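Trainee: How does the following fold in three dimensions:
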Amino acid sequence: MRGLLLVTLFVATIFSGCKKVDGVGTVGITVTNDKGIPIQNCSIKLTVPLSVSPGVDWGVDYFYGRTDEDGYIEFSKPNNSYFDVYVWKGLWEGCDFVEFVPNEISYKTIIIYPPGSAFNGCI
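Mentor: So this is what the prediction gives:
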């Protein structure tokens, strides 16, 4: 019985150690309009917030991309950091922030609003 327990513990240790940990955090962003419809080919720019202390090395200052046909895009970064997100297509726009956490994938939905909307007003 004791031998079976040791073999089980050994096998469990081996299989639990197979998970690859590379330290990269990934953020998946879906862009929708105010009715919840995904927006394809929407421009997205992630920038380091202005409040970040000068001299801190974040590794990269910004990301830029466009959403796919499902209104989705992913960005990856190796260290923990925050980025402001600005999203636009034509005159519609939206904004938010994201956090890259090593070894995690997080998802965010950002809504873009038409010009003149009370919610459209990214600073």
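Trainee: switch to C-alpha atoms for all contacts and neighbour counts from now on
Mentor: OK.
Trainee: Give me the three-state assignment for P115.
Mentor: The three-state label given to P115 by DSSP: H, G, I helix; E, B strand; the rest coil is coil.
Trainee: quick one, phi/psi of it?
Mentor: The phi and psi values for P115, taken as degrees, to the nearest 10, are phi -60, psi 140.
Trainee: pretty sure it contacts K89?
Mentor: No - distance between P115 and K89: 11.1 Å, which falls outside the contact criterion (C-alpha atoms under 8 Å).
Trainee: Of these two, which one has the most company?
Mentor: Each of P115 and K89 has its neighbours counted (other C-alpha atoms under 10 Å); K89 has more, 17 against 13.
Trainee: Contacts only, for the more buried one.
Mentor: Taking C-alpha atoms under 8 Å, 6 or more residues apart in numbering as the contact definition, K89 lies against 41-43.
Trainee: burial measure for the residue lying closest to Y62 once chain neighbours are set aside, as a count.
Mentor: Once its chain neighbours are removed from consideration, Y62 has its nearest residue in T47; the separation is 4.4 Å (C-alpha to C-alpha, 6 or more residues apart in numbering). Other residues near T47 come to 17 when the count uses other C-alpha under 10 Å.
Trainee: measure T47 to F63 for me?
Mentor: Taking C-alpha to C-alpha, to the nearest Å as the criterion, T47 is separated from F63 by 7 Å.
Trainee: got it, and P78?
Mentor: Taking C-alpha to C-alpha as the measure, P78 falls 14 Å from F63.
Trainee: Using CSV, lay out the contacts of K89 together with neighbour count and distance to V85.
Mentor: Converted to CSV, these look like this (neighbours: other C-alpha atoms under 10 Å; distance: C-alpha to C-alpha, whole Å):
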residue, neighbour count, distance to V85
N41, 18, 16
C42, 24, 13
S43, 17, 10
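Trainee: what about the strands in this structure?
Mentor: Shown for the chain, the strands assigned by DSSP state E span residues 25-32, 43-47, 62-66, 72-77, 81-89, 92-100, 105-111.
Trainee: what's the angle between the fourth one and strand 62-66?
Mentor: When axes from the mean of the first three to the mean of the last three C-alpha atoms, to 10 degrees is applied, the directions of strand 72-77 and strand 62-66 differ by 160 degrees.
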